[in-house]
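Enquirer: Sequence and predicted structure, then a few things I'm wondering about:
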Amino acid sequence: MSENSSNVFFIDDELVERLMRSDPIKPDSKAAATRARPVTSSALAEAVRLATAGRLDEAARELEGAIAAGENSPEVWSALGHVRFEQQRWEEAAQCYAKAADAGANHLAAHYNLGLVRERQGQYEEAAKCFESAAAADPARWQAHAGLGACLLRWKQPERALAAFDAAASSAPQDDRVLFGRAVALHQLNRIEEALEIYRKLLPAHPNSEELLGNMIAIMALRKDDNRTKEMAERLLKVRPQSRAALEGLASVALARNDYSAAAQYCVQLVKAAPDSFEGWFNLGLAYHKTGRLEQAANAYREAARIRPEAAEAHANLGAVLHDRGDLTAARRAYEKALASAPETPGLLWNLGLLEDRTGNPAEAEQHFQKLIALKPDWEDAAFRLGFLQLQRGEFAGAVDSFELCLKKRKDWIEALLNLGLACWKFEDLDTAQETFERVLSLQPQNLDALRALTAIAIERKDAGRALELHRKATALGERSPELAFNLGLLLQANAEHAAAVECYQAAVENKADFVEALLNLGHELAALGKSEEAKQAWSRAVSADPALASQYF
């Protein structure tokens, strides 16, 4: 069965955002007063008073009146932008900051604040451009570099983000936002120990920080440090009950410890708290699957596949559950969906091969096993299945290759050796077949299959002495094949070895009382030994078994 446990934790964009967000730089009302006309100074001061009192609509009207009166200074536009920012009227805030930037090309606050607005709107490319403009206007203003770094983290460009945070650190080396941004960039670059060092440095000052605890859980899980993952997750749950990161961490520990009942409990809480969590639904399916709750497992995997339709592992594990339940048609559909997303997944090819073989589609099964072996030549079980299918359809040369592949690593695999011997025999390579069966006997001296095969090969080679020796060994171990005994009898009879032939024909009729040909030949051999009465008894039994022989008797 193909199983895929997805215990990967991702740096949560929302957590990054909460720690990295800054407030807009407010307009300097004193500077505005020294540059603007009296009416503007009065309007700006009144707007500040109203905004401070929480009367944002009135503050906006005051500033809009000043603009209508002809004042287009960057400070007034920035002030209005700030009011709209506070009202979360993002597009209006953006327009105001853009006007301020146009009115003063090097207006740091306008470029920076416009970047913040674009970031809130999810327009990270535009936001980055604004932060770059702000940083160019004042390279020492670390907030602009930090804002650029945050946008680059969103784009999953950690190398550039790290450079931006390094630039911010040159002016604010101990600012927590800068430190956290560097840590996240390092985390995304998989420089785990460096990131963890910064997280640990920040944690005493922010002991209840969801961001820090969440990202530390991710690292501890990646390091497979179950004890620390559990500790951090339980700590985060106290800060934020039903925290997604905490529940994911606890579920990952439970899965790593094969405590599937506990994992199911955590995952149930997780999907309630975060219904869109692919990892939650997937791991819930895995936990249910491992505890034998197949219907619940199928439902959980279906939900994971709905959330992420391209996720091959969800379809693959759904197929495995349906396969176990015996719903083979639905299992095939699930496997095929998985294969469409991941056509070179060995586990999928294996499961599909087993399914097709089970449902009576050997040609399709053979194709899947061939693809699997092309991907993973050391998958001996797949080579064995392929060889067996090839043997069944008479592709003996291919079967020989497949069984030899089985034996590359498992040189003493008895079943593979037996089938290899049979394939070589069918391919008319008697020497290799004999060597292979003798190898089986060297490993298992009482292996009846090998003794039987070697007896048959000796008969085919007309080596009566060797065949009789092997047949006697096999008979002593319980061999009861009447056909094999009869064929050996024929060879001995042709060599005029009458006593040995009688022995073989008697063995044949002991195990098949109505074996007419054996009874007839037994009579002939007994007669050749001068045992006429016994010969008549054998012929009489033959006539009883086949009355049509009566006309030939006299």
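Expert: Noted; the coordinates are in hand. Numbers count the residues shown, from 1 in each chain.

Enquirer: quick one: average pLDDT of stretch 312-326?
Expert: Averaging pLDDT along stretch 312-326 yields 95.

Enquirer: Name the residues of it that are buried.
Expert: Residues Ala312, Glu313, Ala314, His315, Ala316, Asn317, Leu318, Gly319, Ala320, Val321, Leu322, His323 are the ones in stretch 312-326 that count as buried (16 or more other C-beta atoms under 10 Å). Heads up, the C-betas are built off the backbone N, CA and C, glycines and all.

Enquirer: Nearest residue to the first one in space, please, no chain neighbours.
Expert: Read it as Ala312. Ala342 (3.6 Å; C-beta to C-beta, 6 or more residues apart in numbering).

Enquirer: hang on, that neighbour packs against Leu349?
Expert: No. Counting by C-beta atoms under 8 Å, Ala342 does not reach Leu349; the two are 10.1 Å apart.

Enquirer: Counting neighbours, go ahead and name the busier of the two.
Expert: Leu349 (26 against 16; other C-beta atoms under 10 Å).

Enquirer: dump the residue contacts of the more buried one.
Expert: Going by C-beta atoms under 8 Å, 6 or more residues apart in numbering, Leu349 touches Leu339, His368, Phe369, Lys371, Leu372, Leu375, Ala382.

Enquirer: Pull out the buried residues from those residues.
Expert: Leu339, His368, Phe369, Lys371, Leu372, Ala382.

Enquirer: Out of those residues, name the ones that lie in helices.
Expert: Leu339, His368, Phe369, Lys371, Leu372, Ala382 (DSSP state H).

Enquirer: hey, where'd the helices end up in the stretch 101-250 of the chain?
Expert: Residue ranges of the helices in the stretch 101-250 of the chain, as given by DSSP state H, counting those that start in this stretch, are 108-120, 124-137, 142-154, 158-169, 176-188, 192-202, 210-222, 226-239, 244-256.

Enquirer: mind giving me a markdown table with the buried ones among the contacts of Leu349 and columns for pLDDT and distance to Arg120?
Expert: Below are those laid out as a markdown table (pLDDT from 0 to 100; distance: C-beta to C-beta, whole Å):
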| residue | pLDDT | distance to Arg120 |
| --- | --- | --- |
| Leu339 | 94 | 42 |
| His368 | 96 | 51 |
| Phe369 | 97 | 55 |
| Lys371 | 96 | 49 |
| Leu372 | 97 | 50 |
| Ala382 | 97 | 54 |
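
Enquirer: ok so, going back, retrieve the pLDDT associated with the residue nearest to Ala312.
Expert: Per-residue confidence (pLDDT) for Ala342: 94.

Enquirer: what about it, distance to Ala316?
Expert: Plainly put, Ala342 is 8 Å away from Ala316 if you go by C-beta to C-beta, to the nearest Å.

Enquirer: For those two, list the residues in contact with both.
Expert: Here Ala342 and Ala316 share the contacting residues Leu348, scored by C-beta under 8 Å, 6+ apart.

Enquirer: and Gln157, backbone torsions?
Expert: phi -120, psi 70 (degrees, to the nearest 10).

Enquirer: For it, give its distance to Gln121.
Expert: Distance from Gln157 to Gln121, by C-beta to C-beta: 19 Å.

Enquirer: So for stretch 539-554, what gets flagged as buried?
Expert: By 16+ other C-beta under 10 Å, the buried positions in stretch 539-554 come out as Trp539, Arg541, Ala542, Val543, Ala545.

Enquirer: nearest to Glu92, of those residues?
Expert: Ala545 (105.5 Å; C-beta to C-beta).
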